[in-house]
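Asker: Pasting the sequence and the predicted coordinates here, then a few questions.
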Amino acid sequence: MSALISSTRFSFLDRSRTRTGRDGPQALRDTVALAREVEELGYHRFWVSEHHSVPGVAGSAPTVLAAAVAAATSTIRVGTGGVMLPNHQPLVVAEQFGVLASLFPGRIDMGLGRSVGFTDGVRRALGHGKEDAEDFPGRLTELLGWIDGTQQTYPQVRARPAEGLRIPAYVLAVGGGAAVAAAAGLPLVIGDLRGREKVLRAIDVYRGAFRPSSRAARPEVIVSGTVAVAATEEAARRLLVPEAWAMAYARTHGSFPPLAPAEEIEGRTMTDRERDLYERGLDGHIHGTPDQVTGQLETAIEETGADEVLVTTSTYDRAALVDSLRRLARIARARTGRRA
């Protein structure tokens, strides 16, 4: 058992991807079912994401979905990875998490991002634009103020029932997100596990500029990425195929498709551009047999200094995904017992 791996928490982020032949409602039910399975395997957290008007993703309301996940589980921490703060008024976000933390005390995480809608149409429909992303630090400060009871802009208004509750907050790094997390004294969530230079620089910036706060006394880094474990390297690689093709298709056709079976994708005739993007999409992920993945994880954790690994694997075959997570839990068995 690797000492590095055994001292690292492991969690899971599900994007509620749709699959060929199954609709969005089924994808959401699959997310809730997966959360129960992930809990049984002993993972530390289960997070859900926010996407708007993306054909291949059903998760558009993360706090609502987090409530369903928390209600269906009993011990695992549940949260968002993340709520995109530029899309929402900070008071409303505080109220939503206040309700969640009141219903499921000690189990709710507030993961926050700074992305806005992918297209002008989505941004107009949400009533927010790119300028709102630029004010992410201000919105974050306001949100935390609503929960702490320290905001002064609206002295006659209180965020009920959030005010005074202990709701852990996390910043998802996009662009300058690492510096924002450091200034706010919050844990940082960043990809990817293969330690690209840009990611390592952002982590260094975060650690160097971190200001201790009531929420975090020291820097805390959660590194996210795809991990696929199977009996053979080829079987693990096939788990990567559906997502790699979906990304390649989206970049060449402008539409994000449902996840398709690996054998269907491997039998496709692709254009040179599609093939190039597809092959690149298969690279840069941690995958292989348990021994191979153990070595890759050791390298990733050593390079990033990660306190936690947030697995984000998406694939068509749910049974194979659960098997991969079971194998990963065995690798990390000494540490996957949950800790608040």
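Answerer: Happy to help now that I have it.
Asker: elements contacting whichever strand or helix holds residue 274?
Answerer: Assigned by DSSP states H and E, residue 274 belongs to helix 272-282. Judged by 3 or more Cβ pairs under 8 Å, 6 or more residues apart in numbering; DSSP states H and E, the packing partners of helix 272-282 are helix 233-253. Placement of C-beta: from N, CA and C, glycine included.
Asker: tell me the angle of the helix it packs on relative to helix 272-282?
Answerer: Going by axes from the mean of the first three to the mean of the last three Cα atoms, to 10 degrees, helix 233-253 is angled at 130 degrees with respect to helix 272-282.
Asker: Now the element after helix 233-253, going C-ward?
Answerer: In N-to-C order, the element after helix 233-253 by DSSP H and E is helix 262-266.
Asker: Identify each buried residue in that following helix, please.
Answerer: By 16 or more other Cβ atoms under 10 Å, the buried positions in helix 262-266 come out as 262, 265.
Asker: can you pull out the strands in this protein?
Answerer: 9-14, 45-48, 77-80, 83-84, 108-113, 169-172, 188-191, 221-225, 227-229, 286-288, 308-311 (DSSP state E).
Asker: Including mean neighbour count, could these go into a markdown table?
Answerer: Output for those, formatted as a markdown table (neighbours: other Cβ atoms under 10 Å):
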| stretch | mean neighbour count |
| --- | --- |
| strand 9-14 | 24 |
| strand 45-48 | 26 |
| strand 77-80 | 26 |
| strand 83-84 | 26 |
| strand 108-113 | 26 |
| strand 169-172 | 25 |
| strand 188-191 | 24 |
| strand 221-225 | 24 |
| strand 227-229 | 27 |
| strand 286-288 | 23 |
| strand 308-311 | 24 |
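Asker: for these, which one sits closest to residue 29?
Answerer: Nearest to residue 29, of all these, is strand 9-14, at 11.9 Å by Cβ to Cβ.
Asker: now the angle from the closest one to strand 108-113?
Answerer: On the basis of the same axes, to 10 degrees, strand 9-14 is oriented at 70 degrees to strand 108-113.
Asker: Strand 9-14 pairs with which strands?
Answerer: Counting by DSSP bridges, the strands paired with strand 9-14 are strand 45-48 (parallel), strand 308-311 (parallel).
Asker: want to throw the ones you listed into JSON lines with mean pLDDT?
Answerer: Output for those, formatted as JSON lines (pLDDT from 0 to 100):
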{"stretch": "strand 45-48", "mean pLDDT": "98"}
{"stretch": "strand 308-311", "mean pLDDT": "97"}
